[in-house]
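# prediction below, plus the sequence it came from.
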Amino acid sequence: MSKSFGEEGGRLDYGTYLGLETLLSAQRRRTEAHDELLFITVHQIYELWFQQLLFELEAARDAMLAGEIPGVRHLFRRVRVIERLLVEQIDVLQTMTPQDFLTFRSELEPASGFQSVQYREIEFLSGLKDPSYLERVHATADEKARLERRLSEPSLWDGYLALLAHHGNPELVDVLLDRDRYGALFEVSEDLLDHDQAFALWRVRHVTMVERQIGASRARADRRVRAICGARSTAASSPSSGRCATASSPAGVRCARGRPQPPPRPQSRLRLPRPGRGGASRSRSRTRSPAQTDRRRSAR
Ligand code: HEM
């Protein structure tokens with residue numbers, strides 16, 4: 001019997017090639033809540049795109065280290081389209097109402113996007129390297145090894161500096177101002193800025209979704225707990241706080257390195273009264289020390 005087009009090899013079928021059995025059995029709901037499947041699917045799709053982005057960004061970094069320009073531009077074009085999807089995809093999750101989220105939310109704790117290792121790998125590869133993250137995240141030995149590798153390997157910014165070196169090592173300011181002479185290098189710097197901006201947009205979109213889903217005060221409370229525990233917060237890395245999203249661009253590097261992060265604001269509600277001052281006023285602190293509480297009890 002003659003074989004139709006596509007069946008000549010006869011070694012593979014669609015499902016086997018794509019590993020669909022494994023892929024489609026990885027959405028394991030923990031509740032009967034209708035929207036939980038959407039929640040899992042959206043997160044898994046993000047992780048798949050993060051994996052793809054790492055693949056493309058790594059290739060772009062290596063091409064820059066080798067001094068290639070056309071290949072880098074091609075890769076960044078793809079990165080740009082994927083990153084646009086990442087921002088738009090939030091709309092899908094936002095079809096879930098806060099009330100629907102509440103039906104299964106308690107099952108998730110303490111899991112959080114903060115623990116996404118691939119997301120952090122993208123940040124590290126892009127130049128926003130934060131070694132302290134390793135101490136704060138709950139990750140497997142393999143994940144920690146990946147993060148350590150990202151910390152020590154060249155970033156996109158290192159790649160761009162190498163690209164400049166391959167092309168006569170011009171001053172960055174000349175590249176930005178003299179486009180007739182340095183047009184191609186200038187375009188790559190724009191690609192890096194696009195990547196930086198796409199991540200900043202994702203952060204803004206994510207935080208507005210979070211506030212819609214769980215409320216601004218709850219989101220702030222989560223961030224405060226992280227700040228007190230020494231962890232990074234969503235706000236601390238958002239553009240509105242003056243910190244660049246990835247530091248992969250010339251502007252990003254200046255921003256991430258040049259602006260010291262302000263220390264976390266004093267947490268007045270959680271601060272203990274200072275000793276020797278008769279205690280802080282109620283408006284400054286609602287938390288009493290054990291000694292204060294004893295004094296109040298004996299005065300009654
Ligand atoms: C209902 C939907 C969502 C809610 C309520 C939510 C909530 C939050 C909250 C409260 C934080 C900050 C607290 C913390 O650091 O643990 C956070 C961080 C984060 N979330 Fe989400 N999130 C949602 C969806 C998503 C999705 C779809 C992704 C995609 C992967 C994601 C990825 C992240 C990442 C990467 C962080 C860490 C950001 C950083 O540290 O800079 N989240 N999320």
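Yep, it's here.
# compute the distance between residue 209 and the ligand, please.
6 Å (Cβ to the nearest ligand atom, to the nearest Å). From N, CA and C alone the C-beta is placed, and that goes for glycine too.
# nearest to the ligand: which residue in the chain?
Using Cβ to the nearest ligand atom, the closest approach of the chain to the ligand is made by residue 113 at 2.1 Å.
# ok, that residue - contacts?
Residues in contact with residue 113 (Cβ atoms under 8 Å, 6 or more residues apart in numbering) are 43, 119, 206.
# same question for residue 212.
Residue 212 is in contact with 94, 98, counting by Cβ under 8 Å, 6+ apart.
# go on, residue 52?
residue 82.
# care to break the protein down by domain?
Following automatic domain parsing, the chain resolves into domains at 34-106+116-258, 273-300.
# which helix or strand contains residue 169?
Here residue 169 is covered by no helix or strand, with elements defined by DSSP states H and E.
# ok, residue 89 - contacts?
Listed by Cβ under 8 Å, 6+ apart, the contact set of residue 89 reads 42, 45, 46.
# and if you look at residue 187?
Neighbours of residue 187 in contact, by Cβ under 8 Å, 6+ apart: residue 73.
# show me the shaky parts of the protein.
Along the chain, segments meeting pLDDT under 70 span 1-9, 217-300.
# quick one: buried residues of the longest helix along it?
Of all segments of type helix in the chain, defined using DSSP state H, the longest is helix 179-214. For helix 179-214, burial by neighbour count (16 or more other Cβ atoms under 10 Å) applies to 182, 185-186, 188-189, 191-192, 194-203, 205-207, 209-210, 213-214.
# try stretch 150-164
Buried residues in stretch 150-164, counted by 16+ other Cβ under 10 Å: 150, 151, 155, 156, 157, 159, 160, 161, 162, 163, 164.
# on that earlier part again, and the ligand, which of the contacts of residue 89 reach it?
42, 46 (Cβ under 6 Å from any ligand atom).
# among the contacts of residue 89, which one has the most neighbours?
Neighbour counts for the contacts of residue 89, by other Cβ atoms under 10 Å, peak at residue 46, which reaches 20 neighbours.
# among the domains of the chain, which is the most enclosed?
domain 34-106+116-258 (a mean of 17; mean count of other Cβ atoms under 10 Å).
# over to residue 130: give its phi and psi.
Note on residue 130: backbone dihedrals following degrees, to the nearest 10 are phi -130, psi 90.
# about what we covered before: now distance to residue 19 too, for the domains of the chain, in JSON lines please.
Formatted as JSON lines, these follow (distance: least, Cβ to Cβ, whole Å):
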{"stretch": "domain 34-106+116-258", "distance to residue 19": "12"}
{"stretch": "domain 273-300", "distance to residue 19": "53"}
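# my guess is residue 80 meets residue 198, correct?
Yes: when contacts are counted by Cβ atoms under 8 Å, residue 80 is listed as touching residue 198 (6.8 Å).
# could the contacts of residue 89 be laid out in CSV, adding secondary structure and distance to residue 90?
Below are those laid out as CSV (DSSP: H, G, I helix; E, B strand; the rest coil; distance: Cβ to Cβ, whole Å):
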residue, secondary structure, distance to residue 90
42, helix, 9
45, helix, 12
46, helix, 10
